[in-house]
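> predicted coordinates and the sequence they were generated for:
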Amino acid sequence: MHWAELLAELTLMPLVAFIVGLFMVLMMRKIGARLQRRIGPPLLQPLYDIVKLFGKHTQTSHGLLHEFGIVMAVGGYVAAETLLPVPGMNGIAEKGGMITLLYLTMIPSLGLALGVGQCANPNGSIGISRALTAMLAYDIPFVIVIAGVAMHFGTTNLVDVVAQQQAGGIETWGATQMPLLALAGLFALQGMLGKQPFEIYVAPAEIATGPMVEMGGKFLGGLFVMQCFQLYTASVLYVTLFLGGGENWVSFLAKSFAVLVLPISVAFLFPRYRTEDVLTMLWKWPVILGLLGLVFVGS
Amino acid sequence: MQQFPVKVEQPSANKPTGGNIFSRVFDELTTFCRSRSLFILHYCTGCGAIELPPAMTSRFDMERLGISPMVSPRQADILLITGYVSVKTLKRVILTYEQMGSPKYVIGICSCTVNGGMYWQSYATAKKLNDYMPVDLYIAGCMPRPEAVIAGLRQLMDKIAAGEANGWQDYYRRYDYYLGHQQRLFGETWQTPTDVIAESKHYDLFGGDTLGAHTALLQQHQKPLEALEMRLGLTDRQEKGS
Amino acid sequence: MIGALDMLLLAALAAIPLSALFATTRSGRWLLVAAYAVQFGLLIMLQPATAAHSALSFQLLGNAVGWQMDALGWYFAVITIGSAGFAAAYAAGEWSEVNGRLGLSLRWLYAGLQINVLAMLLLLASGDFVSLFIGWELTSWAGLILMLLAGGDAIRASLRYIVYAIAGGMTVFAGLVITQAAVGSLQFDALHAAAPSLGTGRLWAIALLFILGFSVKMASMPFHLWQAPAYAYSPAPGSSFLGSISARMGLFGIALVAIKLIGLAQLDRLSLVTDLVDLRGLLTWVAVFTAILPTFVAMRQNDARLLLGWHGVGQGGYMLLGVIIADRLGSAGGLLHVFNHATYQAILLMAVFAVIHRTGTADLNRLGGLVTRMPLTFLAMLIGIIGLAGLPPMNGFVSKWMIYRALIVDGHPLLFVATVISTLGTVLSVYKLLHNTFLGQLRLEHEQIHEAPWSMTVPMLLLCVVVFVTGAAPGLVLQYVAAAQQAIGLEPVRYILGGIESPTGSLDMLWITAILFAGFGIGAVLFYLIGGRSRRVHQLDNYAGGHFLTADVRYQYSDNFYAGLMHRIRPWYRGSFEWTESALVSALGAASTLARGFFEQANPAQWVLVGTTVIMTWVMWYALG
Ligand code: SF4
């Protein structure tokens, strides 16, 4: 590939991810509002929030690491997006693959954890401890899903996974071939988004939004940006693994937004579990589903 | 609903009016976004807090105005004081206010914040909130209905968009004045773990009235509050031989 | 005729008295570091591709005993001498002065380190079973010198170690006796040649005895109980040396005897009841449990050294797993992980000991906020934990990725999931280590402390460079791994400078690293250029629900860091984990039903000895009958 083309892809992919992510945040807030019979925020509200936060006059920092944590959180996702193929752009997806992506998306979380750590606020530390616990909870079903998908398609290369599904049409989609794994993946997705009922680490009424407690101004703004990336990454990964990726931008975006509707609706209809119960929940049903799915993939 | 006049210096004097068009556009954009995205921290002191849930939920839906509740002072733009403020609470309110990032706005809901209301004779309540911190907007009433709250918030949004909600600058420029009132109420040893004077210097908000007799009193007993900077200390060998 | 290998061994031997002589002065210690550099240089001059022979040889009971070093031994030897050199440099300056004044015998420390290196070199260069056994015993006893030095808790741990070590040594000896009986020779080639024609009974006996003996050193389940305390309480250089490489000698043994000499084809003949379970299958699960359970034990530790010690045990499981899978990618991953683990584990232990050096404690509930006071040590530990947790872009990720890939491609999804569980546990555990030491609130009594002296930080940071560079360009190490694979008769991995090239999913760390740092760059530009100037505030200017924080009140979350998780899994520690332990003890030991009672009541160390004696009796009976 020509280097200029590659460079263009590498810049465009995170940019697209951010913009799509903004609308996903909007969709999330709109769905919440509709379920609660409200009107909800205006179209550009996510953008207003971010601009306002970056434009705050006072930016309270607890030290270099606090700042660098946000840089890592945003930068890690900017990097991760180039590993996620979208219609017409593969970026460097062939150099990584799904396992690499899985671990690369831990880098932003690690950055956040470092930043929060330097805030010296126990609410934040408790938040991180719970966030890591939640990660242990949802990643176990998720790696089962990853293992199943990789075995089914015989590759860990996401570009190949998409190509195989698109070549065969809808009956070769991951979701049609591996419905159990797709269901387990949906569970894991719910955990990954960190929304209710698995919202243990934000818990505003209990630990004062946990990791975000000392984040103001552009620090919080960075986390809002990170949230856009997070929503985008989770849904696009799901679309790539199970829903045939994107043939073109229209179907790609339609699928990506559609994937999120269910978890978000669930999130606004349920209260929050306790940490122990999150673990029980995520280690029980999706794991059982996933293991059954593995058996079918293996046989 | 009454707007309480706050003594503010000319805002244009300190506004970073960048000569080039980009920074002006950027400033305009930020001002606009500030008015359209407000995170409120409701310090639910008195009875008035009960009017906020209806203002937030289905009936009046604050989120359609871009206003949403937040939890910690660092994240918030508006400090909502929703009723009478006892002396003990006021200390926390002041700390919370000082920890918020500017630009920050204070709204006093309920008559009690205006003049003590029906607690006027109480020994334990602070009467006028704007003695202790600059208040951008009062929403009077015992208690004001959600419609009034929403209308007040809208008015604040307009003020912000017009660049007039600059009460927060007053706190830094005339810190001595506010500190004096605080010391009158809490005693001479009053001190918060925040460092307002250093902050006003850092952000060019230092004015002629920032320091005065009261801050001199504060600085006599203030414990040092400099940030813990990273220290390499490679050249420092004093520990050697210990 | 004295060859290159003899030069190396002689240099290592000569350095022992020199160590005892020079260890007490600062310049003398730097001279000893130079001695390690000389040994390293001599090692590099050996041709790793062709086996280098030693001139030294003698006859024992009709067997020619000699030494030679092939690419596998060379690879391990590089790590050994490297770790020792870095450990020696770390302690050369202020550390030794302070600890020497506190009563630590520096002569024994440095001599012990050098003796260990020599013993390991002898083991790694063994040319037949007799020299293997000599090297094995020397290594076991040499380790004891370093463990005993600290006194106190270390004595108990070392005693426990020595019981295990004797048991392991006896088991290896038993394997040797059976080999002699079955093959009639103690040459490596003889076993290799005879293995296809051996009956399964004899092959079982040989394979099992050697693997058991080596597993004790590796501390794989169920022999994992001794290692963490024994390594953790050793003085700093000893701990970092032992923690990085010592236990891997067991892996070397397994790779040599099981993979190279017996061979995969023969190993696969060894199956239990109707081919359902075979030895390799059993070993992979042993490896996986070794990767998981110690990790979750580590998570509960409050002493930073023990935490790392338990992770050392756990990471051994990955290496064993990779080597036992023994396909092109997996075995390369396992062997590569030996190098990677040695580098980041050394960094982590050095960082922890630097903290101890300054604060006097490794108790994770008595530290916190040190990042502002010891930033370089923090940086080192950060890079170390990214490596240990196996996240990109550090080198730990590459080796683990290779093992994951091998598991998925080979169709072991459950093993893959199990290894990822272990990795996730590691992430949790290492964040606790970093957070409780360096993040959170700085304690009042630590406000005045300083960064560790440069003699301690520079070795750490140099190792950080190694961890980073070999993470971004794993091909640098993979070339030697590939040679080692060839030396034990496996297909060599197909590598590129940035990682692995494969039609079913490749990895190019050069790209990943570049893109990650580009991402950080964009993040930094967004953060620092857009948006207002930030202002640093004091740690007490903090949200506490309106409460006024003061320096005398702790505002820090450290104890029982994963409270919610522990609430769910604590019963498992007592229930399932120990059940698994005792079940493994019973399966691999002898009497299965009594085992649990023994395990709970008696000292497991004694129990291992009893088990070994039983095995020995059986061996003698077998060999003589
Ligand atoms: S004004 Fe009335 S309702 Fe509001 S706090 Fe005072 S007494 Fe309560």
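Received the coordinates, thanks.

> pull the CA atoms of stretch C:242-249 into PDB?
C-alpha atoms of stretch C:242-249 as PDB (Å, rounded to 0.1, in the frame of the first residue of the first chain):
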ATOM      1  CA  LEU C 242      16.900 -16.000  41.800                       C
ATOM      2  CA  GLY C 243      13.600 -14.500  40.800                       C
ATOM      3  CA  SER C 244      14.600 -13.900  37.300                       C
ATOM      4  CA  ILE C 245      16.400 -17.100  36.300                       C
ATOM      5  CA  SER C 246      16.900 -19.700  39.000                       C
ATOM      6  CA  ALA C 247      13.600 -21.500  38.700                       C
ATOM      7  CA  ARG C 248      14.000 -21.700  34.900                       C
ATOM      8  CA  MET C 249      16.700 -24.300  35.200                       C
END
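
> now it, how far from the chain's geometric center?
5 Å (C-alpha atoms, centre = their mean, to the nearest Å).

> got a list of contacts for it?
Contact with stretch C:242-249 is made by C:76, C:79-80, C:83, C:116, C:120, C:123-124, C:136, C:139, C:143, C:146-147, C:214, C:217-219, C:227, C:230-232, C:234, C:308-309, C:312-313, C:316, C:319, C:338, C:341-343, C:345-346, C:349, as judged by C-beta atoms under 8 Å, 6 or more residues apart in numbering or on different chains. Glycine gets a C-beta too; all of them are placed from N, C-alpha and C.

> count of residues packed around the residue in the stretch 51-200 of chain A positioned nearest to the ligand?
Per C-beta to the nearest ligand atom, residue A:123 is where the stretch 51-200 of chain A lies closest to the ligand, at 28.7 Å. Close neighbours of residue A:123, defined as other C-beta atoms under 10 Å in any protein chain shown, add up to 26.

> show me where the stretch 1-150 of chain C has helices.
Assigned helices in the stretch 1-150 of chain C, in chain order: C:4-22, C:26-45, C:71-92, C:94-101, C:106-124, C:129-148 (criterion: DSSP state H, counting those that start in this stretch).

> can you point out the buried residues in stretch B:41-49?
B:41, B:42, B:43, B:45, B:46, B:47, B:48, B:49 (16 or more other C-beta atoms under 10 Å in any protein chain shown).

> do the same with stretch C:28-37
Under the neighbour-count rule (16+ other C-beta under 10 Å), stretch C:28-37 has C:28, C:29, C:30, C:31, C:32, C:33, C:35, C:36 buried.

> hmm, who's touching it?
C:11, C:15, C:18-19, C:21-23, C:81, C:84-85, C:88-89, C:91-93, C:96, C:106, C:110, C:114, C:117.

> next: stretch C:429-438.
So stretch C:429-438 is contacted by A:110, A:113-114, A:117, A:125, A:128-129, A:132, C:295, C:298-299, C:304, C:307-308, C:311, C:348, C:352, C:355, C:364-365, C:367-371, C:374, C:377-378, C:381-382, C:385, C:388-389, C:558, C:561-562 (C-beta under 8 Å, 6+ apart).

> what's the answer for stretch B:210-220, then?
So stretch B:210-220 is contacted by B:172-177, B:179-180, B:183, B:188, B:190-191, B:197, B:200 (C-beta under 8 Å, 6+ apart).

> which among these end up buried?
If we count by 16+ other C-beta under 10 Å, the contacts of stretch B:210-220 have these buried: B:172-177, B:179-180, B:183, B:190-191, B:197, B:200.

> in chain C, which helix or strand is least confident?
For chain C, using mean pLDDT, DSSP states H and E, the weakest element among its helices and strands is helix C:592-601, scoring a mean of 39.

> what does chain B put close to the ligand?
For chain B, the residues in contact with the ligand (C-beta under 6 Å from any ligand atom) are B:46, B:47, B:48, B:83, B:84, B:110, B:111, B:112, B:117, B:118, B:142, B:143.

> who in the stretch 151-299 of chain A is up against chain B?
Within the stretch 151-299 of chain A, the positions lying close to chain B (C-beta under 8 Å from any C-beta of the partner chain) are A:204, A:208, A:209, A:212, A:213, A:214, A:215, A:216, A:217, A:219, A:220.

> the last one: neighbouring residues, count only.
What that stands for is residue A:220. Using other C-beta under 10 Å: residue A:220 sits among 27 other residues.

> the third one too?
By other C-beta under 10 Å, the residues close to residue A:209 number 25.

> need the contact list for it.
Here residue A:209 is in contact with A:123, A:127, A:202, A:203, B:70, B:71, B:72, B:75 (C-beta under 8 Å, 6+ apart).

> just for chain A, where's the confidence low?
A:1, A:298-299 (pLDDT under 70).

> in it, what residue lies closest to the ligand?
residue A:205 (22.7 Å).

> is chain C contacted by the helix or strand in which that residue is found?
Per DSSP states H and E: residue A:205 is located in helix A:204-207. No - using C-beta under 8 Å from any C-beta, helix A:204-207 stays clear of chain C, with a minimum separation of 9.8 Å.

> do stretch B:79-97 as well
Yes - applying C-beta under 8 Å from any C-beta, one finds stretch B:79-97 touching chain C at B:91, B:92, B:93, B:95, B:96.

> strands of chain A, start to end?
Along chain A, the segments classed as strands by DSSP state E run A:59-61.

> an error on my part: the question was meant for chain B.
B:38-43, B:67-69, B:78-81, B:85-86, B:105-109, B:125-126, B:137-139.

> for those, which one sits closest to residue A:165?
strand B:67-69 (39.3 Å; C-beta to C-beta).

> and the residues of chain B next to the ligand, which of them are in helices?
Per DSSP state H, helices hold the following members of the residues of chain B next to the ligand: B:111, B:112.

> between which two of the residues of chain B next to the ligand is the distance greatest?
Counting by C-beta to C-beta, the most remote pair of the residues of chain B next to the ligand is B:48 and B:118, 12.7 Å apart.

> identify the contacts common to the two.
Common neighbours of residue B:48 and residue B:118 are listed as residue B:112 (criterion: C-beta under 8 Å, 6+ apart).

> before we move on, the earlier item: which of the residues in the helix holding residue A:205 are buried?
Quick answer for helix A:204-207 (16+ other C-beta under 10 Å): A:204, A:207.

> residue C:40: how many residues sit nearby?
18.

> can you read off the pLDDT for residue C:495?
Residue C:495 carries a pLDDT value of 83.

> show me how chain B divides into domains.
B:26-165, B:167-224 (automatic domain parsing).

> just put the residues of the stretch 151-299 of chain A next to chain B in TSV and tack on distance to residue C:198.
Output for these, formatted as TSV (distance: C-beta to C-beta, whole Å):
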residue	distance to residue C:198
A:204	68
A:208	68
A:209	66
A:212	65
A:213	66
A:214	67
A:215	66
A:216	72
A:217	73
A:219	67
A:220	69
